[in-house]
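> Could you look at this predicted model? Sequence included:
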2 protein chains.
Amino acid sequence: MIISIIGRGNVAFHLSKAFANNHELHCVNPHTLEGLPDNSDIVIIAVKDDAIGEVASKLRGRALCIAHTSGSVAMNILEGCAAHTGVIYPLQTFSKEKALNYEEIPFFIEGSDETAENLLSGVALSISGSVRKADSSQRELIHIAAVFACNFVNHLIGIANEILAEGDMDYKLLLPLIKETIDKLNILPPHEAQTGPAARKDMGIVGSHIDKLNYKPDLRQIYSLLSERIMTHKEVEK
Amino acid sequence: MIISIIGRGNVAFHLSKAFANNHELHCVNPHTLEGLPDNSDIVIIAVKDDAIGEVASKLRGRALCIAHTSGSVAMNILEGCAAHTGVIYPLQTFSKEKALNYEEIPFFIEGSDETAENLLSGVALSISGSVRKADSSQRELIHIAAVFACNFVNHLIGIANEILAEGDMDYKLLLPLIKETIDKLNILPPHEAQTGPAARKDMGIVGSHIDKLNYKPDLRQIYSLLSERIMTHKEVEK
């Protein structure tokens, strides 16, 4: 089976690398659309979301199955480009600097028909042990959830880094704490694992932290909003 | 050396357990102040922040060294309670349900004098490989940073859980992504590791996510505020 991957970004880089390790697949990652093999079984479009439509229109009829990898673009953007169209969405954060264990990456598959679903599930299963179906609406929820759990989490750790720098300290001090925070989620759901001043409704500490953040109004606002959400949310659960 | 730990919470539970594994220390965790041994060398007060002052006043003169474990209470609350006073602050999230590798927990020490610092560093080093000094102001910064990097991170994962539940999916799907997000911080500082729609300034996706969160105004507000912070912060760094 010949798989062609279109794109020069992190997702294209890692998917090409993962497929290349599988000897039953022949995977190419051409530099230009002109370099695309004429006999591709599957073409995977791993380009920026707002370029998917244009790339897809140029690929019309060039493969049995055409799919994109985006969390937030609906499958129907590929309508009419191939007999079988779909989405193969890897839920992971990709950087070229960091190798990945592909086996653990969850892949979410959507297909225009059963053939598309089977083709895309097959290639996903060739590199990952975690493959399941998700329609466009579920995939968008997954993407939004991932923004909170990955992009925003990373930014909060960046904020912690900024705060520690005020006292000449390094964010790496926090890594054991962060690791434990995450490890705990294997045994407790996040709302049960919640600790800290807001969860305890310790308004003395919450207030003194907000005072100490006076020098950075944006951080004070984020601290207040998230503390309030933790306090309100606990009320709702009771 | 006899160490007494005052408190019935998670920190008291875990510190008692950790010290009990060390045969050179004799550690007790009495149920009441009356049960406190008269010959304690060090008394560690691990109670709620707003109870530390009252407990300390009842312990006046009952040990060579008296310390508390709080991130956000200044050392001087213990002034006059013992010849040597201080703080031994473990940077970790403690739950009774979850065992810990104490060796990796960073401890921050403050002492009223060198004797207090040496006594408290000594007991911390008996259970952890990561012990350093931090004054009350640095400790408050560490505590605020920990609220962002642990308590708020956990809550964001809770929010991701709520969002996935809308599509009948479970937060455990996100754990490999979260693990990779954290692992990456061993090789890249958080601001360099930042990915996602806001970091790419992909306003199409940011806008469609905010639309999709219309059903939950609090989540929409958190999404907007954090996306804006990511975008602004990148501008500042350039």
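In hand now; what should we look at?

> If you count neighbours, what's buried in the top helix by length along chain A?
When chain A is parsed with DSSP state H, its longest helix is helix A:217-237. The neighbour-count check on helix A:217-237 (16 or more other Cβ atoms under 10 Å in any protein chain shown) flags A:219-220, A:222-223, A:225-227, A:229-231, A:233 as buried. Glycine gets a C-beta too; all of them are placed from N, C-alpha and C.

> now, among these, which is nearest to B:Tyr102?
Within those, the smallest distance to B:Tyr102 is 27.2 Å, found for A:Ile230 (Cβ to Cβ).

> got a list of what the residue lying closest to the closest one once chain neighbours are set aside touches?
Among residues not flanking A:Ile230 along the chain, A:Ala198 sits closest, at 4.0 Å (Cβ to Cβ, 6 or more residues apart in numbering or on different chains). Going by Cβ atoms under 8 Å, 6 or more residues apart in numbering or on different chains, A:Ala198 touches A:206, A:226-228, A:230-231, B:147, B:151.

> Same check on A:Ser70?
A:Ser70 neighbours (Cβ under 8 Å, 6+ apart): A:49, A:52, A:87, A:89.

> Same question for A:Ala116.
Taking Cβ under 8 Å, 6+ apart as the test, what A:Ala116 contacts is A:65, A:67, A:84-86.

> any idea what A:Ala124 is structurally, helix, strand or coil?
Classification of A:Ala124 by DSSP: H, G, I helix; E, B strand; the rest coil places it in helix.

> ok, the closest residue in space to it that isn't next to it in sequence - how many residues close by?
Using Cβ to Cβ, 6+ apart and skipping the chain neighbours, the partner closest in space to A:Ala124 is A:Phe107 (3.9 Å). A total of 24 residues lie near A:Phe107 under the criterion other Cβ atoms under 10 Å in any protein chain shown.

> what's the answer for A:Arg132, then?
13.

> check which helix or strand covers it.
For A:Arg132, the host element (DSSP states H and E) is strand A:131-133.

> Residues contacting that strand, please?
Contacts of strand A:131-133 (Cβ under 8 Å, 6+ apart): A:106-110, A:117, A:121, A:124-125.

> The longest strand seen in chain A near chain B anywhere?
The longest strand of chain A (DSSP state E) is strand A:84-90. No. Strand A:84-90 is not in contact with chain B by Cβ under 8 Å from any Cβ of the partner chain; minimum separation 9.6 Å.

> And that strand, what does it pack against?
Strand A:84-90 is packed against helix A:10-20, strand A:65-68, strand A:107-111, helix A:114-125, helix A:136-146, with contacts defined by 3 or more Cβ pairs under 8 Å, 6 or more residues apart in numbering or on different chains; DSSP states H and E.

> Sheet partners, orientation included, of it?
For strand A:84-90, the paired strands and their directions (DSSP bridges) are strand A:65-68 (parallel), strand A:107-111 (antiparallel).

> now the last one and helix A:114-125, what's the angle there?
Yep, that's strand A:107-111 we're talking about. 160 degrees (axes from the mean of the first three to the mean of the last three Cα atoms, to 10 degrees).

> average model confidence for strand A:107-111?
Mean pLDDT, strand A:107-111: 97.

> Check the shortest one too.
Predicted confidence along strand A:65-68 averages 98 (mean pLDDT).

> buried set for that strand?
Applying 16+ other Cβ under 10 Å to strand A:65-68 flags A:65-68 as buried.

> So what touches it?
A:41-46, A:52, A:56, A:59, A:75, A:77-78, A:81-88, A:115-116, A:119-120.

> sorry, back to before: which pair of the contacts of A:Ala116 spans the longest distance?
A:Ala67 and A:His84 (8.7 Å).

> returning to what we had before: go through the contacts of A:Ser70 and name the one with the lowest pLDDT.
When the contacts of A:Ser70 are compared, A:Asp49 shows the smallest pLDDT, 89.

> Please report phi then psi for that one.
Phi and psi for A:Asp49, reported as degrees, to the nearest 10, are phi -50, psi -40.

> repeat for the one 4 residues further on
Phi and psi for A:Gly53, reported as degrees, to the nearest 10, are phi -60, psi -50.

> what about it, distance to chain B?
Distance of A:Gly53 to chain B, computed by Cβ to the nearest Cβ, to the nearest Å: 12 Å.

> Give me the neighbour count for that residue.
14.

> now swap in A:Ala146 and tell me
26.

> so what's it up against?
Counting by Cβ under 8 Å, 6+ apart, A:Ala146 has contacts A:71, A:91, B:160, B:174, B:177.

> go on, A:Ser208?
In this structure, A:Ser208 makes contact with B:72, B:140, judged by Cβ under 8 Å, 6+ apart.

> what's the helix or strand for the residue of chain A most remote from its centre?
The outermost residue of chain A, judged against the average C-alpha position, is A:Gly204 (37.3 Å), by Cα atoms, centre = their mean. Using DSSP H and E, A:Gly204 falls within helix A:203-212.

> Nearest spatial neighbour of the residue farthest from the centre of chain A, chain-adjacent residues omitted?
Excluding the flanking residues, the one nearest A:Gly204 by Cβ to Cβ, 6+ apart is B:Asp50, at 5.9 Å.

> Next: A:Ser112.
A:Thr85 (4.5 Å).

> in the sheet, who's paired with that neighbour?
A:Ile66.

> what's the neighbour count on it?
24.

> per-residue confidence at the residue farthest from the centre of chain A?
89.

> again with A:Ile157
pLDDT at A:Ile157 comes out at 98.

> Just want the phi and psi numbers for the nearest residue to A:Ala145 once chain neighbours are set aside.
What sits nearest to A:Ala145 in space, not counting adjacent residues and going by Cβ to Cβ, 6+ apart, is B:Ala160, at 3.9 Å. Backbone geometry at B:Ala160, expressed as degrees, to the nearest 10, gives phi -60, psi -40.

> how far away is B:Ala160 from A:Ala134?
Distance of B:Ala160 to A:Ala134, given as Cβ to Cβ, to the nearest Å: 15 Å.
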